[in-house]
Structures are given as structure tokens and as C-alpha cells.
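> Build me a structure from this.
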Amino acid sequence: MRKKYAMLMSGIALFALVTGIFMGKEIFTKEEGEKREETNVSSAEESVKTGGESVEKTEKQKEAGTASPLLIYDIEDGYMQVPYLANVPNHIYDWNNLHEKDGYKYYIDGEGKVSRIGIDVSYFQGDIDWAKVKNSGIDFVMLRLGFRGYSEEGKLVVDEKFHQYIQEAQAAGLDTGVYFFSQAVSEEEAREEADFVYQECKEYELTCPVAFDTEKIKGDAARTDNIKPEELTDITIAFCEKIKEYGYEPMIYANAKWLTTKLQLERLGDYSIWYADYQENPLYPYTFEMWQYTETGQVDGIEGNVDLNIWFPKD
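You can find the predicted model right below:
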């Protein structure tokens with residue numbers, strides 16, 4: 001009886017030991033997962049706060065050939081890691097030089113040069129009092145010239161407010177540029193879009209770039225959904241080169257996820273980037289010239305929300 005009891009107790013002890021090991025492993029794994037998640041979020045938050053320090057660190061990693069995967073933020077997917085592009089130049093902005101006044105962000109570089117404040121609009125903004133916009137401190141405006149429909153037909157359409165907006169904005173003394181929402185699925189269609197842009201704005205003097213707006217259609221299928229990065233990059237280059245032939249400065253509008261996963265950024269170094277990111281400070285380390293930092297800005301002369309932009313000082 002004692003022997004059986006001793007064997008039983010030994011079995012129970014062994015079971016408890018094995019169970020404890022597995023339970024401990026499960027708890028450890030769970031705790032480690034939580035710690036990793038907390039570390040990723042805290043690292044992202046710290047990167048947002050330090051800004052310039054993160055870029056400086058990445059530059060040193062690049063030189064040493066030890067750059068780790070890049071952490072970016074996407075409005076739909078949240079924080080995500082993408083491969084770091086060692087041969088793409090980094091920006092030199094120090095986010096300690098970013099300031100806010102009268103509801104607008106602005107940037108002062110090391111030489112004391114101040115960024116320009118801008119908006120981008122389409123017919124969704126309705127009637128605009130451009131004199132009030134100018135007097136509120138806005139320097140420039142990027143106007144939606146038009147778009148290609150994202151259905152299979154892909155019809156080219158002029159923004160119904162474009163001609164009114166550009167005439168009134170220029171009369172108010174605002175610098176103006178345009179953007180075109182593309183759904184081109186070939187280089188031929190991209191050049192067709194550039195021709196379309198030229199025909200609609202050739203009577204106006206543009207003092208800001210012509211932007212190629214390439215982005216995801218949220219919540220619906222689009223004719224561009226299955227385009228590979230190499231193809232989309234070819235399409236983007238075709239549009240930009242055609243725009244250069246017309247004498248305009250081309251620019252590419254996109255967010256961090258699109259720039260790093262849907263385009264081959266290494267091939268787009270000849271064009272300015274208009275970067276969309278609604279965080280306090282961007283995590284994106286690569287060069288960009290214009291930053292769309294909010295879609296909920298408030299500007300005198302415009303009812304409702306409007307996108308606000310910083311155009312960084314040029315060297």
C-alpha cells in the first residue's frame with residue numbers, strides 16, 4: 001500500500017513538474033509576446049518623438065551595413081515593418097525644428113529658412129473664399145485637376161471645381177500646383193493622363209509642381225489592384241517624364257506603405273516626393289519635399305476640414 005502510494009505520489013509529482021514546465025513555458029511565451037508588442041509600440045513612439053535622432057542612427061547603420069528593418073505607420077495597418085532601402089537617400093529634417101503657430105505647423109532649418117504652408121483641395125471643399133484663405137497665412141495650394149475612374153472603363157474626368165478654383169486662387173495671390181488621381185494600368189495610360197493634365201492647365205501659370213497621386217482605393221475593388229511594383233513604378237515614371245516634357249516639375253504623392261511596398265523607390269530619385277503621414281512626426285526616413293500632415297485642418301475661408309501641408313525650405 002505504501003509502495004503504491006509512494007508510486008502514486010511520485011507520478012503526481014512528475015505530472016505536476018511536467019505540467020508546470022509547460023504552463024511556465026506558455027506563460028513565459030505569452031509574457032514575451034506582450035513585451036515584444038510593447039517594445040514595438042514604445043520604439044515607434046520613441047522614434048516619432050526623436051525624429052532626427054532616428055534618422056541619424058539609421059544613417060550610421062546604413063554606413064555600417066547593419067540597418068534593421070524599417071518601422072513605419074500605416075493608417076489602416078498600424079505599425080508595420082518593411083525592408084530598409086539602403087540605397088535610397090535619407091531626409092535631413094530634425095523634428096525638433098518643427099513648430100506650431102495659429103493652427104499651422106512650420107519648419108525652420110539650421111540656416112533659419114522657414115517652410116511654406118499649403119493646402120490641397122478638390123470639389124469636396126465646396127465654395128472657397130480664397131482671399132480669406134490667403135489672409136489666414138496659406139502660401140500655396142495644390143488643386144485636384146482631375147482623376148481617372150477606378151472601374152474597368154477608367155474614364156478621365158476633370159474636377160468640377162478645378163477651373164474655378166485655380167482662377168480664384170491665382171487671383172488671390174496664392175501659388176498653385178495641381179495633382180491628378182491616377183488609375184493608369186499601363187505606361188500608355190500614364191502618358192495619356194499627363195496629356196490630359198496639360199490640356200486642362202496649359203492656360204495657367206503653375207508655380208508649384210504637378211503631382212502624380214497614386215494610392216489604394218479603400219473599401220472597393222479597383223482596376224489597379226493587381227499591378228506589381230515594377231509595373232506601377234514604370235507607370236509613375238512615364239507620367240513624370242511626360243510632365244517634364246511639358247515644362248512642369250513632376251512630384252509623386254503617396255504614403256509610407258505605398259512608397260516602400262507598392263513602388264520601387266530606388267528608381268524614383270529624380271522626382272520630388274509629397275508624403276502623406278498624419279502622425280506627430282513621420283517615421284519615414286527617406287527624402288521628401290512636401291508633407292501632408294493632417295486631413296482635419298481648419299482654414300478661414302473653407303467650411304469643414306481640409307488637408308494641410310508643409311513645403312520644406314530648399315537648400
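
> State the helix or strand in which residue 72 lies.
Counting by DSSP states H and E, the element that carries residue 72 is strand 70-74.

> just checking, what packs against that strand?
Applying 3 or more C-beta pairs under 8 Å, 6 or more residues apart in numbering; DSSP states H and E, one finds that strand 70-74 contacts helix 2-50, strand 78-82, helix 256-257. (Each C-beta comes from the backbone N, C-alpha and C, glycine too.)

> could you redo the last one with a cut-off of 10 Å?
Applying 3 or more C-beta pairs under 10 Å, 6 or more residues apart in numbering; DSSP states H and E, one finds that strand 70-74 contacts helix 2-50, strand 78-82, strand 250-255, helix 256-257.

> list the contacts for residue 140?
Residue 140 is in contact with 116-120, 169, 174-177, 207-208, 290, 309, 311, counting by C-beta atoms under 10 Å, 6 or more residues apart in numbering.

> before we move on, the earlier item: of all the helices and strands packed on strand 70-74, which has the lowest average per-residue confidence?
Mean pLDDT across the helices and strands packed on strand 70-74 is lowest at helix 2-50; the value there is a mean of 41.

> re earlier: could you give the angle of the strand holding residue 72 to strand 250-255?
The directions of strand 70-74 and strand 250-255 differ by 80 degrees, with axes from the mean of the first three to the mean of the last three C-alpha atoms, to 10 degrees as the criterion.

> so which strand or helix has residue 190?
Here residue 190 sits within helix 187-201, counting by DSSP H and E.

> Could you export that helix as CSV, CA atoms only?
The C-alpha trace of helix 187-201 is given here as CSV (Å, rounded to 0.1, in the frame of the first residue of the first chain):
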residue,chain,number,x,y,z
GLU,A,187,2.7,53.4,-69.4
GLU,A,188,0.5,54.4,-72.3
GLU,A,189,-2.4,55.3,-70.0
ALA,A,190,0.0,57.3,-67.7
ARG,A,191,1.2,59.4,-70.6
GLU,A,192,-2.5,59.9,-71.6
GLU,A,193,-3.1,61.2,-68.1
ALA,A,194,-0.2,63.6,-68.4
ASP,A,195,-1.5,64.8,-71.8
PHE,A,196,-4.9,65.3,-70.1
VAL,A,197,-3.3,67.4,-67.3
TYR,A,198,-1.5,69.6,-69.8
GLN,A,199,-4.6,70.3,-71.9
GLU,A,200,-6.6,71.4,-68.8
CYS,A,201,-3.9,73.6,-67.3
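
> buried set for stretch 204-221?
Judged by neighbour count (16 or more other C-beta atoms under 10 Å), stretch 204-221 contains these buried residues: 204, 206, 208, 209, 210, 211, 212, 213, 214, 215, 216.

> Identify, from these, the entry nearest to residue 245.
When the buried residues of stretch 204-221 are compared for distance to residue 245 (C-beta to C-beta), residue 210 wins out at 11.6 Å.

> Sketch out the low-pLDDT regions of the stretch 51-200 of the chain for me.
When the per-residue scores of the stretch 51-200 of the chain are filtered using pLDDT under 70, the ranges that remain are 51-67.
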